[in-house]
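Engineer: turn this into a structure:
(one chain, ligands or ions: 3)
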Amino acid sequence: MSVLEIRDLQVSVKLPEGELKPILAGVDLTVKAGETHAIMGPNGSGKSTLAYSIAGHPKYQITGGSVLLDGDDVLAMTVDERARAGLFLAMQYPVEVPGVSVANFLRSAKTAIDGEAPKLRTWGKELKESMDRLGMDAAFAQRNVNEGFSGGEKKRHEIVQLELLKPKVAILDETDSGLDIDALRVVSEGVNRVRETGDTGLLLITHYTRILRYVKPDYVHVFVAGRIVEEGGPELAERLEAEGYERFVSAAA
Ligand code: ADP
Ligand code: MG
Ligand code: MG
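Structural biologist: Ligands and ions are numbered 1, 2, ... in the order given. Sure, this is the predicted structure:
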């Protein structure tokens, strides 16, 4: 059983003038395979910074704490090594990869992560089935990654990646933003399929409670001013929906 352990993580963003602006003020979080955690917090609280730091984005400097995946030091790994170790990050703003088709991108990613190319026939079948379930036309596999994708197509593509790459821990940053109600349902069903395998720990980062109507988290963490200020079960999400973040923001100030 895989486990991601974030301990007292402190992170600053590197500003263009070379200064460091502290964002994460000591984050503690443990995500085990089969668990679904939701991180909820107001805009600017540092949720994406947490995701990017774990993914190894060069703009963010770790100033303290640790991140371990099954005991291995994630922060000492390159971005590629993190993916191979079983970490998956769906970006809030996915990047375009011109000249690389969805089919080739997914196959390369799978090959890099597994250390060997997937068997052609089963791979083609898996890809087609996953795309079918997400309501994506087969022609989509020949398009360039994220080039001209609608918001919904980007998110569906993320879920296809998640289903095929089978990470140990997946961090989904605002996977629900910019989705209409049908796309939200289809994407949520995909997340639930991954969840039900029991093999992946899920960390859902969100500003709104919308996605949590479809994907029931085991744990909810309220994130304010760079740290977790409250933890609970799904009922905490309902309370946030009713009361908003204000009480937590004033308490943290
Ligand atoms: P959230 O995802 O919760 O909305 P972010 O992690 O995106 O929050 O941002 C947290 C804080 O860090 C914000 O005040 C934001 O302006 C600041 N920040 C994040 N990235 C940068 C950056 N590249 N340059 C300057 N400030 C940044
Ligand atoms: Mg934001
Ligand atoms: Mg964000």
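
Engineer: run through the strands of the stretch 51-200 of the chain in chain order.
Structural biologist: Remark: strands assigned in the stretch 51-200 of the chain by DSSP state E, counting those that start in this stretch are 60-69, 72-73, 87-90, 97-101, 144-145, 169-173.

Engineer: including distance to ligand 3, could the ones you listed go into a markdown table?
Structural biologist: Where you see a C-beta, it was placed from the backbone N, CA and C, and this is true even at glycine. Shown next, in a markdown table, are those (distance: least, Cβ to the ion, whole Å):
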| stretch | distance to ligand 3 |
| --- | --- |
| strand 60-69 | 13 |
| strand 72-73 | 25 |
| strand 87-90 | 12 |
| strand 97-101 | 21 |
| strand 144-145 | 21 |
| strand 169-173 | 6 |
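
Engineer: weakest of these by average pLDDT?
Structural biologist: Ranked by mean pLDDT, those bottom out at strand 97-101, which scores a mean of 79.

Engineer: could you list every helix and strand in contact with it?
Structural biologist: Counting by 3 or more Cβ pairs under 8 Å, 6 or more residues apart in numbering; DSSP states H and E, the packing neighbours recorded for strand 97-101 are strand 144-145.

Engineer: neighbours around the residue of the stretch 51-200 of the chain found nearest ligand 1, how many?
Structural biologist: Going by Cβ to the nearest ligand atom, ligand 1 is nearest to residue 59 of the stretch 51-200 of the chain, at 5.1 Å. The number of residues packed near residue 59 is 11, by other Cβ atoms under 10 Å.
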